[in-house]
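>>> Please find the sequence and the predicted model below.
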Amino acid sequence: MSAASPFRIKICGVKRSEDLVAASESGADAVGLNFFPPSVRYMDPLGEQARSLAAEAEQLGLNVVGLFVNSDVDSIAALTERVRLTFVQLHGDETPAAASRLRDAGVAVLRAVRLPRRALSPAEIEDRVAPWREVGAAILLDADAGSSYGGEGVSLDWRSIGAWSEQAADHWILAGGLGPKDVFRAIQIAKPHGVDVASGVEAPRGTKDANLVNAFCLEAERGLQEQFRP
Ligand SMILES: O=C(O)c1ccccc1N[C@@H]1O[C@H](COP(=O)(O)O)[C@@H](O)[C@H]1O
């Protein structure tokens, strides 16, 4: 898949083999491994678990996305190769120049653009997205979760995003506070090409629940199909 269209449904912060099976059987096409140490979903990128989960995910036909927050470019590039990541998700205060260096090193970059939760104009959103498109990054929009950076179940103003999406030329992914009960409505309003979820498919927090993963994927697929029906 191209950088413009990395995946349709991603389950982020998987930690166990059974999470991969639940994602794959439910129709997700990507999983995320979280390499941000303070997160409840953290996995050591240098440990054996990361490599073996990534290999298993690949065998199941899943894209494997490594989530980084403010790691340096050289270590991201080295870990991409070590874990065999399909994409790296830059979810911190990284710069477009860092994404550009990663791209030059052959790494496919997904930029999480963290937006304020308030209403925004299409121009305000485009101003934040454009520098990343210019360096070839795929785009994910998430709500600003403050010092946690993400994974806190915080939603965006979907109506603002929908108005921008109608004018956006390229594919993009919606994240932030999605769950089985609202992902269909979120897709209808915000009009993304794919969705990403972490906390909304967990019980207890930090542990993926196969039933929630399944319900989320069914509703997400229903929303995406309806949106792109000719
Ligand atoms: O999941 C985390 O712990 C996390 C930590 C730091 C940055 C991003 C994180 N997750 C990403 O955040 C969004 C939204 O998550 P949620 O569905 O609201 O819980 C998603 O892109 C995750 O990949």
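Here it is on my side, so go on. Residues are numbered from 1 along each chain as shown.
>>> Please count neighbours and contacts with C-alpha atoms only from this point.
Fine.
>>> show me what contacts the closest residue to residue 121 other than its chain neighbours?
Distances taken as Cα to Cα, 6 or more residues apart in numbering place residue 160 nearest to residue 121, at 6.3 Å, with adjacent residues excluded. Residue 160 makes contact with 119-122, 190 under the criterion Cα atoms under 8 Å, 6 or more residues apart in numbering.
>>> quick one, helices of the protein?
17-26, 48-59, 73-83, 96-104, 122-134, 158-165, 183-190, 210-227 (DSSP state H).
>>> For those, could you give me CSV that also reports distance to the ligand and mean pLDDT?
Shown next, in CSV, are the helices of the chain (distance: least, Cα to the nearest ligand atom, whole Å; pLDDT from 0 to 100):
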stretch, distance to the ligand, mean pLDDT
helix 17-26, 14, 98
helix 48-59, 16, 98
helix 73-83, 15, 98
helix 96-104, 17, 97
helix 122-134, 15, 96
helix 158-165, 14, 97
helix 183-190, 11, 98
helix 210-227, 11, 97
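>>> Can you add distance to residue 143 and give the ones you listed back as a markdown table?
Formatted as a markdown table, the helices of the chain follow (distance: least, Cα to Cα, whole Å):
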| stretch | distance to residue 143 |
| --- | --- |
| helix 17-26 | 23 |
| helix 48-59 | 27 |
| helix 73-83 | 23 |
| helix 96-104 | 19 |
| helix 122-134 | 12 |
| helix 158-165 | 10 |
| helix 183-190 | 13 |
| helix 210-227 | 19 |
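>>> For residue 134, see how far away residue 162 is.
22 Å (Cα to Cα, to the nearest Å).
>>> Which of those two has more residues huddled nearby?
residue 162 (19 against 10; other Cα atoms under 10 Å).
>>> quick one on the thing from earlier: where neighbours are concerned, which of the contacts of residue 160 has the most?
Going by other Cα under 10 Å, residue 190 tops the contacts of residue 160 with 20 neighbours.
>>> Can you verify my assumption that it contacts residue 158?
Yes. The pair residue 190 and residue 158 passes the contact test of Cα atoms under 8 Å, sitting 4.8 Å apart.
>>> show me what contacts residue 207?
Residue 207 sits next to 14-15 when contact means Cα under 8 Å, 6+ apart.
>>> From residue 27, how far off is it?
19 Å.
>>> just residue 21 next, same as before
Separation of residue 21 from residue 27 (Cα to Cα): 10 Å.
>>> These two - which one has more neighbours?
residue 27 (20 against 16).
>>> Chain neighbours aside, what residue packs nearest to that one?
Nearest non-adjacent residue to residue 27 (Cα to Cα, 6+ apart): residue 217, at 6.2 Å.
>>> show me the residues around the one you found that make contact.
For residue 217, the contact set (Cα under 8 Å, 6+ apart) comprises 9, 26-28, 180.
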